[in-house]
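1. using only what follows, build the 3D model:
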Amino acid sequence: QVQLVESGGGLVQPGGSLRLSCAASGFPFMWFAMRWYRQATGKERELVAHISSAADSTNYADSVKGRFTISRDNVKKTLYLQMNSLKPEDTAVYYCNTGVYGTDYWGKGTLVTVSS
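-> Take a look at the predicted model:
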């Protein structure tokens, strides 16, 4: 079955960096676009970044443009999110997401806390 497992979250000071990973299994990873979402406490889940199946197209939320980079390794079946210049407002649970043959799949998320 499709599985998405996020890792790499933690506590970081403002201005710091983190790299999130999402290990995928159970589907042909290289065929499908992937996305990172985040959800802060008391707020709706929001799309952070999107990457096409071949990694030739990426899109970002305005709030993270120039600071975050989404990438993927189709051999390792892993999605990444490099987060630089982190701000307290980036604090959230970050989720990996994909749609496979019309069904939406989510990981359980990884918590990122940006605080001094």
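2. secondary structure element for S53?
-> Per DSSP states H and E, S53 falls between elements, in no helix or strand.
3. how far away is it from R19?
-> 21 Å (Cβ to Cβ, to the nearest Å). (Each C-beta comes from the backbone N, C-alpha and C, glycine too.)
4. these two: which is more packed in?
-> Neighbour tally, S53 and R19, criterion other Cβ atoms under 10 Å: the higher count belongs to S53, 16 against 13.
5. R67 contacts N84, correct?
-> Yes: the pair R67 and N84 qualifies as a contact (Cβ atoms under 8 Å) at a distance of 5.3 Å.
6. list the contacts of V112.
-> Contacts of V112 were listed using Cβ atoms under 8 Å, 6 or more residues apart in numbering, and they are 9-10, 12, 18, 20, 38, 83, 86, 90-94.
7. what pLDDT does it get?
-> Here, the pLDDT recorded for V112 equals 98.
8. try P28
-> 96.
9. and for it, the neighbour number?
-> A count of nearby residues for P28, using other Cβ under 10 Å, gives 11.
10. tell me how far it lies from V114.
-> For P28, the distance to V114 equals 35 Å [Cβ to Cβ].
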